[in-house]
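In: one predicted model, sequence on top.
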Number of protein chains: 2
Amino acid sequence: MARKQGSHSGITGPKVQDAALRLIARHGYAAVSMRQIAAAVGVQAGALYNYTEDKQSLLFDLMQSHMVALLEALAAQDLHGDPMQQLEQFTRFHIRFHLPRADHVFVSYMELRNLSPDNFGRIEALRRQYENALEAILRDGQTSGVFAVPDTRVTTMALIAMLTGLSNWYRTDGRLAMDAIEAMYWDLVRKAVAA
Amino acid sequence: MARKQGSHSGITGPKVQDAALRLIARHGYAAVSMRQIAAAVGVQAGALYNYTEDKQSLLFDLMQSHMVALLEALAAQDLHGDPMQQLEQFTRFHIRFHLPRADHVFVSYMELRNLSPDNFGRIEALRRQYENALEAILRDGQTSGVFAVPDTRVTTMALIAMLTGLSNWYRTDGRLAMDAIEAMYWDLVRKAVAA
DNA sequence: TTTCCAAATGAACGGGCGTTCAGTTAAATG
DNA sequence: CATTTAACTGAACGCCCGTTCATTTGGAAA
């Protein structure tokens, strides 16, 4: 019953990624089987291997594409103005990028230990790039006297944890809209680092 | 070769918990087998069932004991003084309690989705108790005008995420001692909520 | 209409899984 | 020393795992 209607490679491929993302975010990489992913796509397990080398690559590709999209979107922001303005742009960008991608965020931060050592190193390097972008803003502000942070590295990690943690409890049907959340978090960030 | 020397139930029991905690923190609940845990303890897989009803209970007990210990330690703090002082005590307590328990923290925040619905509800209730303790302080400070937070619930979640995230990158052999970290995080927290 | 081949099937591979349990061991008890 | 029993073994249960591959299918190309 192969190829029931039309050529499928352009359709099934993305469906595999989508199903894998949703299932892994929900149950965890180790708890999801290739047969479950295949069932969600509507094929047999063997067919998945037309679209991924193996299960590990499936996880790595999900995480890499998320990180690459994040870094590209950040670059496209073209942050400008003084450090305080740049920090506001970064903060709002972070929230706006992450909130609609709850599954990606979940997988990227919870499944690091299921990556092979090589793949872990690659994802870590991308993460560090992103952290460094924030730290550069904090250093600029510290130098120019706009910020008074105890340590730029520690503050970077603290702020990213605070912002990313939002994805763990925010619900689109909750009592607060994204704009309101964004304003509240910017308020907290601004005060925390202000001189 | 049963019972090689002395009665073991008081020894093997804790060893099972320790091995399970370390292995689950390292590899994840679903990725760790009962046989691996047994091997780390030095027994056969079947012997584990003298100490736990099943694998699920092993995970739940680890998380519950962590949360109960956290709430008991918090109660023992007997927070006193004005809201700002109480917030400082809470912040420093949180860091001092969590930093030496990296494995417990990791498991408690990463394996929630591997709990059965009933067990999930129980752990969530304990977590909410802890969050509420912080939110009560924030509300007091907001009422008395010492704090100026945008929303006590949002601020609670933001602060806890920031503080707990520390466990994900702090290394005891890193460049910063716990006391220094504690002071830095308190600095960030204080400024973020101050009126 | 015939040929071609991308796409998917379905069975099979060896192996590991959580859990149970009859049997064995050796420390504790009398 | 004889008995009891807590602690553990080792084998077995049925089941699911990731991955491979010969085979089948049916739309597209000639």
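Out: Sure, I can see it. Numbering: from 1, shown residues only, chains lettered A, B, ... in the order given.
In: stretch A:114-123 close to chain B?
Out: Yes. Stretch A:114-123 comes into contact with chain B (CB under 8 Å from any CB of the partner chain), by way of A:Asn114. C-beta here means a position set from N, CA and C on the backbone, and glycine is covered the same way.
In: how far out from the middle of the chain is that stretch?
Out: How far stretch A:114-123 lies from its chain's middle: 16 Å, per CA atoms, centre = their mean, to the nearest Å.
In: again, but for stretch A:21-37
Out: On the basis of CA atoms, centre = their mean, stretch A:21-37 sits 18 Å off its chain's mean C-alpha point.
In: now check it, is it near DNA strand C?
Out: No. Using CB under 7 Å from any atom of the strand, we find that stretch A:21-37 stays clear of DNA strand C, coming within 8.6 Å at best.
In: hey, C-alpha coordinates of that stretch in PDB?
Out: The C-alpha trace of stretch A:21-37 is given here as PDB (Å, rounded to 0.1, in the frame of the first residue of the first chain):
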ATOM      1  CA  LEU A  21       8.500  16.900  18.700                       C
ATOM      2  CA  ARG A  22       5.100  16.600  20.200                       C
ATOM      3  CA  LEU A  23       5.500  13.100  21.500                       C
ATOM      4  CA  ILE A  24       9.000  13.700  22.900                       C
ATOM      5  CA  ALA A  25       7.900  16.900  24.600                       C
ATOM      6  CA  ARG A  26       5.000  15.100  26.200                       C
ATOM      7  CA  HIS A  27       6.600  11.800  27.300                       C
ATOM      8  CA  GLY A  28      10.400  12.200  26.900                       C
ATOM      9  CA  TYR A  29      12.800  10.900  24.400                       C
ATOM     10  CA  ALA A  30      13.500   7.600  26.100                       C
ATOM     11  CA  ALA A  31       9.900   6.900  26.700                       C
ATOM     12  CA  VAL A  32       8.800   7.400  23.100                       C
ATOM     13  CA  SER A  33       9.300   4.600  20.700                       C
ATOM     14  CA  MET A  34       9.800   4.800  16.900                       C
ATOM     15  CA  ARG A  35       6.600   2.800  16.600                       C
ATOM     16  CA  GLN A  36       4.700   5.400  18.500                       C
ATOM     17  CA  ILE A  37       6.100   8.200  16.300                       C
END
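In: that stretch and chain B, any residue contact?
Out: Yes. Using CB under 8 Å from any CB, stretch A:21-37 reaches chain B at A:26-31.
In: which element, helix or strand, includes the nearest residue to A:Met162 once chain neighbours are set aside?
Out: Sequence neighbours aside, B:Met162 is the residue nearest to A:Met162 in space, at 3.9 Å (criterion: CB to CB, 6 or more residues apart in numbering or on different chains). Using DSSP states H and E, B:Met162 falls within helix B:152-169.
In: mind exporting the helix or strand just after that helix as CSV, just the C-alpha atoms?
Out: Using DSSP H and E, the helix or strand that follows helix B:152-169 in sequence is helix B:178-193. Taking C-alpha atoms only, helix B:178-193 is exported to CSV below (Å, rounded to 0.1, in the frame of the first residue of the first chain):
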residue,chain,number,x,y,z
MET,B,178,28.3,29.3,47.3
ASP,B,179,28.4,32.4,49.6
ALA,B,180,29.4,34.6,46.7
ILE,B,181,26.6,33.2,44.5
GLU,B,182,24.1,33.6,47.3
ALA,B,183,25.0,37.3,47.6
MET,B,184,24.7,37.9,43.9
TYR,B,185,21.3,36.2,43.6
TRP,B,186,20.0,38.1,46.6
ASP,B,187,21.2,41.3,45.0
LEU,B,188,19.2,40.5,41.8
VAL,B,189,16.1,39.4,43.7
ARG,B,190,16.2,42.5,46.0
LYS,B,191,16.5,45.0,43.2
ALA,B,192,13.9,43.2,41.0
VAL,B,193,11.1,43.5,43.6
